[in-house]
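In: only geometry, no sequence info:
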């Protein structure tokens, strides 16, 4: 059964994601600064881009780590652990690890994909920050649908690139009867 690439992907991918989920929920979520560090990187990156675009960002009087981004005169957006992209990093890595392909490419493709997803998440936060400063009522829809669909589409596109470019599966021609 594991010789079939489809079943191998399903079984290995499910097992790897369950292990990741167990480690995250059982330990990392409560005993690590990983989420806080990623959130700080997201908010700092979004602030930098907003300032570059000419927006004046708000200092919310941070205590602890920087988890909120806003344009002066607007409420801003708060970045929580569910939106930091960590689960997407794991999902992407599991997709690539579970699918056949050479490890020499996995070693650079996974970090490059995670950096791309992280960069896209920064742009998502920039977009949401601009949206809430212009039309607060549009925030919920864009957060829940527009940007979620966009980010998951990029994750699937990266996996498709992995499948087509780095892990092509040869299909054996059917035997004549």
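Out: Perfect, I can see it now. Everything numeric in this text was worked out from a predicted model, so none of it was measured.

In: list the buried residues of the helix ranked longest in the chain.
Out: Longest helix of the chain, by residue count under DSSP state H: helix 103-134. For helix 103-134, a neighbour-count test (16 or more other C-beta atoms under 10 Å) marks 106, 109-110, 113-114, 117-118, 120-122, 124-133 as buried. For the C-beta atoms, the positions are set from N, CA and C on the backbone; glycine is no exception.

In: which residues touch residue 119?
Out: Residue 119 sits next to residue 45 when contact means C-beta atoms under 8 Å, 6 or more residues apart in numbering.

In: could you pull out the strands for the chain?
Out: Applying DSSP state E to the chain gives strands spanning 68-69, 77-78.

In: go through these and pick out the most buried.
Out: Among the strands of the chain, ranked by average contacts under mean count of other C-beta atoms under 10 Å, first place goes to strand 68-69 (a mean of 24).

In: that one packs against which elements?
Out: helix 34-52, strand 77-78, helix 103-134 (3 or more C-beta pairs under 8 Å, 6 or more residues apart in numbering; DSSP states H and E).

In: any idea how far residue 75 is from the closest residue to residue 154 other than its chain neighbours?
Out: Nearest residue to residue 154 in three dimensions, chain neighbours excluded: residue 120, at 5.7 Å (C-beta to C-beta, 6 or more residues apart in numbering). Relative to residue 75, residue 120 is positioned 23 Å away (C-beta to C-beta, to the nearest Å).

In: and residue 46, by the same measure?
Out: Counting by C-beta to C-beta, the gap from residue 46 to residue 75 is 15 Å.

In: ok, residue 91 next?
Out: Plainly put, residue 91 is 30 Å away from residue 75 if you go by C-beta to C-beta.

In: the two: who's more crowded?
Out: The neighbour comparison of residue 91 against residue 75 (other C-beta atoms under 10 Å) goes to residue 91, with 20 against 15.

In: kindly state the pLDDT recorded for the more buried one?
Out: Looking at residue 91, its pLDDT stands at 92.

In: residue 98 now?
Out: For residue 98, the pLDDT comes out at 91.

In: look up how far residue 140 lies from it.
Out: Distance from residue 98 to residue 140, by C-beta to C-beta: 34 Å.

In: excluding chain neighbours, what is closest to residue 133?
Out: residue 74 (3.6 Å).

In: what about that neighbour, neighbour count?
Out: 17.

In: what is the least confident helix or strand in the protein?
Out: Least confident helix or strand, the chain: helix 29-31 with a mean of 75, by mean pLDDT, DSSP states H and E.
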